[in-house]
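Engineer: whatever this is, show me its structure:
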Amino acid sequence: MTPAELQGYLYEQIPLSRAMEVTVIENGDRVILEAALKPNINHRGSVFGGSESSLALLAGWAWLRERVVPIYPDANLVVASSQMVYAKPVLGDFRATCLGGDAVRLFDHLERRGSARLSLTITLTEGDVVVATMEGVFAAVLPRPTSDSSRP
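Structural biologist: Residues are numbered from 1 along each chain as shown. The predicted structure follows:
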């Protein structure tokens, strides 16, 4: 999926991404998403913390999606937990970068168990300055096979 295709998918499937004006910068080995200040501003003129958290979650989820869905198109991808540390107020456009995680272990667990969890670190920056970090646990769950009760 190209960055433009991923951005279109996010806008269609996760409407908040459109409202935040999320732009997919990169979605290869790492995922980089950017959001503008204006649609994410709070009453103090800085980025709303919920927007920072949302952009980080989107980056981690997109990284997982880019790996799992081509192999398991029906997998359910969810955020299991996250912890955000806000280091500085964000006063301009900002980026979330997910460098990824252990995809080999992820696929091993998916194949053996039908589900897997993966810890990912997502860094938020404004320019070259780190403004926040998220530690997230993302999960992939394969659909359970259904039994065909019409068979004898």
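Engineer: now do the contacts for Thr121.
Structural biologist: By Cβ atoms under 8 Å, 6 or more residues apart in numbering, the contact set of Thr121 is Cys98, Leu99, Thr133, Met134, Glu135, Gly136. In this view, the C-beta of every residue, glycine as well, is placed from N, C-alpha and C.
Engineer: whoops, Gly60 was the one
Structural biologist: Val31, Val79, Ser82, Cys98, Leu120, Ile122, Met134, Gly136, Phe138.
Engineer: any of those buried? List them.
Structural biologist: The neighbour-count test (16 or more other Cβ atoms under 10 Å) applied to the contacts of Gly60 identifies Val31, Ser82, Cys98, Leu120, Ile122, Met134, Gly136, Phe138 as buried.
Engineer: which two in the residues you listed are spaced the farthest apart?
Structural biologist: Greatest spatial distance in the buried ones among the contacts of Gly60: Val31 and Ser82, 15.5 Å, computed using Cβ to Cβ.
Engineer: what about the contacts of Gly60, which are in strands?
Structural biologist: In strands, defined here by DSSP state E, the members of these are Val31, Val79, Ser82, Cys98, Leu120, Ile122, Met134, Gly136, Phe138.
Engineer: from these, which two are the most distant?
Structural biologist: Among the ones in strands among the contacts of Gly60, Val31 and Ser82 lie farthest apart (Cβ to Cβ), at 15.5 Å.
Engineer: on that earlier part again, pipe the buried ones among the contacts of Gly60 into JSON lines and attach pLDDT and distance to Leu91 per row.
Structural biologist: Shown next, in JSON lines, are the buried ones among the contacts of Gly60 (pLDDT from 0 to 100; distance: Cβ to Cβ, whole Å):
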{"residue": "Val31", "pLDDT": "97", "distance to Leu91": "24"}
{"residue": "Ser82", "pLDDT": "97", "distance to Leu91": "23"}
{"residue": "Cys98", "pLDDT": "97", "distance to Leu91": "23"}
{"residue": "Leu120", "pLDDT": "97", "distance to Leu91": "26"}
{"residue": "Ile122", "pLDDT": "98", "distance to Leu91": "20"}
{"residue": "Met134", "pLDDT": "98", "distance to Leu91": "19"}
{"residue": "Gly136", "pLDDT": "96", "distance to Leu91": "24"}
{"residue": "Phe138", "pLDDT": "96", "distance to Leu91": "29"}
